[in-house]
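Q: The following comprises the amino acid sequence and a computationally predicted model.
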Amino acid sequence: MIRKLYLAGADAFRLNMSHGSHEDHAAVIDAIRTLEKDTRRPMTILADLQGPKLRIGEFADGLVQLESGARFILDRDETPGDNSRVCMPHPEVFQAIEVGERLLLDDGKVVLRATAAETDRIETIVEVAGPLSNNKGLNVPDVIIPMDALTDKDRTDLTFALDQGVDWIALSFVQKPEDAAEARKLIQGRAALLAKIEKPSAVHRIDEILEAVDAVMVARGDLGVEIPPEDVPPLQKQIIEKARMVGRPVVVATQMLESMIRSPTPTRAEVSDVATAVYDGADAIMLSAESAAGDYPEESVEMMDKIATAVEADPTHWARVHFTETLPDSTSADALAEASNGIAQTVSANAIICFTTSGSTARRVSRERPSVPLLVLTPKLKTARRLGLLWGAHSVHTRDVVNFEEMVAKSKRMVIRARIAKGGDRVIVMAGVPFGTPGSTNVLHIVRLMGDELERHTDDEIADDS
């Protein structure tokens, strides 16, 4: 199935650490890495940490019905609850909550408003009524909960994921930039860090969080519980724009093709939703239950791929993506990255090729959302894998070059092999001199492919490049 999803268009695979054992995840990782060897295509793996889960306790009868306007108490008493009270085993919430603030239960289906708050007891009034059963989730959107984003389980899962060589770590329950700093300290450069933006407090400090991480995810499911649903679309656009301006990859996730969990086709509204994320310039669009537990995983990936392809074929797509202005820093690398996009249009180039060790050159070019594919050549497999979340990038793990002539020759071979360009096409090549020095991008070269190079550079002939 993983092979089928890859062939259907998947570039990256997310492991949800909330479910399954380490043995289960290790088997999936092994299958992905085996596919990577078979296809000689770097595969991106993202381990999504569960984060703290706030839940209420249990009821004596397993289920109660809360009525609008009724009083309801959350306390520390572990005695099974009834329709007047229930245990809440999270002292941090008692510390944080104040009178007038909301508590959302069962993904916001039941809403309580605090009328009194003490160290071990919160009195509330029911604003939105409904049934409530054992261990339902609790959201507190109006305050910052004084608890770490990483639980003991997360730390164990993080160690496992890093030992397995995953490429990205997704951090849940991010409330402030300090949460990301703690995770980065534990990761120690062994993977890139992505912050899931799913809480109002994270939205309020998004600029600082973007500086502290390598990428962000607009996690619309949890975010849509804690804020009014009508506020999610503008926030999605704002987060994408801010991420693009600072050159951080941004993923849009949750309920993208929700109906395809049980239906072979999506609703037209879902198609428009996915298309909107592509028009906004998101780096990646992600499936969740559709491919993890749904009846039509392969069809869901195919549909996402078709939507993205159709949007990018729209003549207005390029202009829409460039509504966001991405100003370059005053460095030669940024200047060349910005120039490459304009030059590609002026000379009708078919691709931009960049040689990179750390991936920074590719990230700079990708931020400009060029109108042609971006072929990334890197001697580091870890870099090639991490760039799987990057907009427009096709990464190849290959030996580094040592001089200008080899750079030009390898560019020609690789772009033909990737079937991104053909004889007679122009391509733009970016690299740094001296070669092999990270962060030294200072060369931009225009290359024309000769027609006979298609015959000379066969797969067998260039196999030694990888």
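A: It's in.

Q: Just give me the neighbour total for the closest residue to Glu270 other than its chain neighbours.
A: Distances taken as Cβ to Cβ, 6 or more residues apart in numbering place Leu257 nearest to Glu270, at 5.1 Å, with adjacent residues excluded. All C-beta atoms are positioned from the backbone trio N, CA, C, and that covers glycine. As a burial measure, Leu257 scores 28 neighbours (other Cβ atoms under 10 Å).

Q: Leu257 contacts Ser300, correct?
A: Yes - using Cβ atoms under 8 Å, Leu257 is in contact with Ser300, at 5.3 Å.

Q: shared neighbours of the two, anything?
A: Between them, Leu257 and Ser300 have Leu287, Glu290 as joint contacts when contacts are counted by Cβ atoms under 8 Å, 6 or more residues apart in numbering.

Q: Could you give the average pLDDT over the helix or strand containing Thr159?
A: Element membership for Thr159 (DSSP states H and E) is helix 152-163. For helix 152-163, the mean per-residue pLDDT is 97.

Q: Summarise which helices and strands that helix is packed against.
A: For helix 152-163, the contact count by 3 or more Cβ pairs under 8 Å, 6 or more residues apart in numbering; DSSP states H and E identifies helix 22-39, strand 44-48, strand 168-171, helix 177-187 as packing neighbours.

Q: Include mean pLDDT, mean neighbour count and distance to Leu194 when you put those into CSV, please.
A: Below are the helices and strands packed on helix 152-163 laid out as CSV (pLDDT from 0 to 100; neighbours: other Cβ atoms under 10 Å; distance: least, Cβ to Cβ, whole Å):
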stretch, mean pLDDT, mean neighbour count, distance to Leu194
helix 22-39, 97, 14, 17
strand 44-48, 98, 24, 7
strand 168-171, 98, 26, 5
helix 177-187, 96, 17, 9
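
Q: Out of those, which is closest to Ala421?
A: Judged by Cβ to Cβ, the one of the helices and strands packed on helix 152-163 that comes nearest to Ala421 is helix 22-39, at 20.6 Å.

Q: Now the closest one - C-alpha only, PDB.
A: As requested, the backbone C-alpha atoms of helix 22-39 are provided in PDB (Å, rounded to 0.1, in the frame of the first residue of the first chain):
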ATOM      1  CA  HIS A  22       7.000   1.200  18.300                       C
ATOM      2  CA  GLU A  23       7.200  -2.200  16.500                       C
ATOM      3  CA  ASP A  24       4.300  -1.100  14.200                       C
ATOM      4  CA  HIS A  25       6.000   2.100  13.400                       C
ATOM      5  CA  ALA A  26       9.400   0.500  12.800                       C
ATOM      6  CA  ALA A  27       7.800  -1.900  10.300                       C
ATOM      7  CA  VAL A  28       6.300   1.100   8.400                       C
ATOM      8  CA  ILE A  29       9.600   2.900   8.400                       C
ATOM      9  CA  ASP A  30      11.300  -0.200   7.100                       C
ATOM     10  CA  ALA A  31       8.800  -0.500   4.300                       C
ATOM     11  CA  ILE A  32       9.300   3.200   3.300                       C
ATOM     12  CA  ARG A  33      13.100   2.900   3.300                       C
ATOM     13  CA  THR A  34      12.900  -0.300   1.300                       C
ATOM     14  CA  LEU A  35      10.800   1.500  -1.300                       C
ATOM     15  CA  GLU A  36      13.300   4.400  -1.200                       C
ATOM     16  CA  LYS A  37      16.100   2.000  -2.200                       C
ATOM     17  CA  ASP A  38      14.000   0.300  -4.900                       C
ATOM     18  CA  THR A  39      12.900   3.600  -6.500                       C
END
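
Q: Check which helices and strands it sits against.
A: On the basis of 3+ Cβ pairs under 8 Å, 6+ apart, helix 22-39 makes packing contacts with helix 2-8, strand 12-16, strand 44-48, helix 152-163.

Q: Can you check what angle separates the last one from helix 22-39?
A: Calculated by axes from the mean of the first three to the mean of the last three Cα atoms, to 10 degrees, helix 152-163 forms an angle of 30 degrees with helix 22-39.

Q: contacts for stretch 438-454?
A: Residues outside stretch 438-454 that contact it (Cβ under 8 Å, 6+ apart) are 332-333, 336-337, 339-340, 343, 347, 349, 354, 356-358, 360-361, 364, 404, 407-408, 411-412, 415-416, 421-434.

Q: swap in stretch 76-88?
A: Applying Cβ under 8 Å, 6+ apart, the set of residues contacting stretch 76-88 from outside is 56-61, 64-67, 70-75, 89, 91, 94, 120-122, 132, 138.

Q: A helix includes Cys354, no?
A: No - counting by DSSP: H, G, I helix; E, B strand; the rest coil, Cys354 falls outside a helix, being strand.

Q: Count residues in the vicinity of it, would you?
A: As a measure of burial, Cys354 has 29 neighbours, counting by other Cβ under 10 Å.

Q: That one contacts Ser360, doesn't it?
A: No - distance between Cys354 and Ser360: 9.8 Å, which falls outside the contact criterion (Cβ under 8 Å).

Q: right, and Ile209 touches Ile197 too?
A: Yes - between Ile209 and Ile197 there is a contact under Cβ under 8 Å: 7.4 Å.

Q: Please enumerate the shared neighbours of those two.
A: Contact criterion Cβ under 8 Å, 6+ apart; residues shared by Ile209 and Ile197: Val174, Val216.

Q: and stretch 12-20, what's its mean pLDDT?
A: For stretch 12-20, the mean confidence score works out to 96.

Q: Show me which residues of that stretch are buried.
A: Ala12, Phe13, Arg14, Leu15, Asn16, Met17 (16 or more other Cβ atoms under 10 Å).

Q: for stretch 129-148, same thing?
A: Taking 16+ other Cβ under 10 Å as the neighbour-count basis, stretch 129-148 is seen to contain the buried residues Leu132, Asn134, Lys136, Leu138, Asn139, Val140, Pro141, Asp142, Val143, Ile145, Met147, Asp148.

Q: so what's Leu54 up against?
A: Contact criterion Cβ under 8 Å, 6+ apart gives His90, Val93, Gly137, Leu138, Asn139, Val140, Ile145 as the residues in contact with Leu54.

Q: how close does the nearest residue to Pro379 once chain neighbours are set aside sit to Asp283?
A: When the adjacent residues along the chain are set aside, Pro379 lies closest to Asp400, with 4.1 Å between them (Cβ to Cβ, 6+ apart). Counting by Cβ to Cβ, to the nearest Å, the gap between Asp400 and Asp283 amounts to 26 Å.

Q: which one of those two has more residues nearby?
A: With neighbours defined as other Cβ under 10 Å, Asp400 and Asp283 compare such that Asp283 has more, 25 against 17.

Q: Looking at Ala319 now. What's its pLDDT?
A: According to the model's per-residue confidence, Ala319 sits at a pLDDT of 89.

Q: Show me the strands in the stretch 301-450 of the chain, by range?
A: Secondary structure of the stretch 301-450 of the chain, counting by DSSP state E, counting those that start in this stretch: strands at 351-355, 374-378, 393-397, 426-432, 441-448.

Q: Turn those into a markdown table, including mean pLDDT and distance to His317.
A: Conversion of those to a markdown table gives the following (pLDDT from 0 to 100; distance: least, Cβ to Cβ, whole Å):
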| stretch | mean pLDDT | distance to His317 |
| --- | --- | --- |
| strand 351-355 | 95 | 18 |
| strand 374-378 | 96 | 16 |
| strand 393-397 | 95 | 17 |
| strand 426-432 | 92 | 21 |
| strand 441-448 | 89 | 25 |
